[in-house]
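Undergrad: Build the 3D model from these lines:
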Amino acid sequence: MKTENVAGILIDVVEKKSAIQKPSSSRRIAYQEGSAILGFTVKGHGLKLQEKYLRVNVESNAKGKITKNSILR
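TA: Here you go, the predicted model:
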């Protein structure tokens, strides 16, 4: 997750957090989450249009199976 500024359109991710959860001895979930802000910038001044919560999960089990999913609210 990173900040992008292309042609006056700003996408910024704030309140970032990442960690590894251990729900059981045979499962691990690595995740990264944050709030993405979409807006416009003109001559250094910004206008926030929308804010969304993002979370990306990567899970592995004891057999080595990897699954990925994401949440956007």
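Undergrad: contacts and neighbour counts: CA atoms only from here.
TA: Will do.
Undergrad: mind listing the strands for the chain?
TA: Along the chain, counting by DSSP state E, strands occupy 4-6, 9-24, 27-42, 45-61, 66-72.
Undergrad: tell me what the fourth one is packed against?
TA: Think strand 45-61. strand 27-42, strand 66-72 (3 or more CA pairs under 8 Å, 6 or more residues apart in numbering; DSSP states H and E).
Undergrad: buried set for the last one?
TA: Neighbour counts using 16 or more other CA atoms under 10 Å place no residue of strand 66-72 among the buried ones.
Undergrad: same question, the longest one
TA: Neighbour-count burial for strand 27-42, with 16+ other CA under 10 Å as criterion, is recorded at 28-29, 31-40.
Undergrad: Of these, which is the nearest to residue 61?
TA: residue 28 (6.6 Å; CA to CA).
Undergrad: what about the closest residue to that closest one other than its chain neighbours, neighbour count?
TA: Leaving aside its chain neighbours, residue 28 sits nearest to residue 22 (5.0 Å; criterion: CA to CA, 6 or more residues apart in numbering). When counting by other CA atoms under 10 Å, one arrives at 11 neighbours for residue 22.
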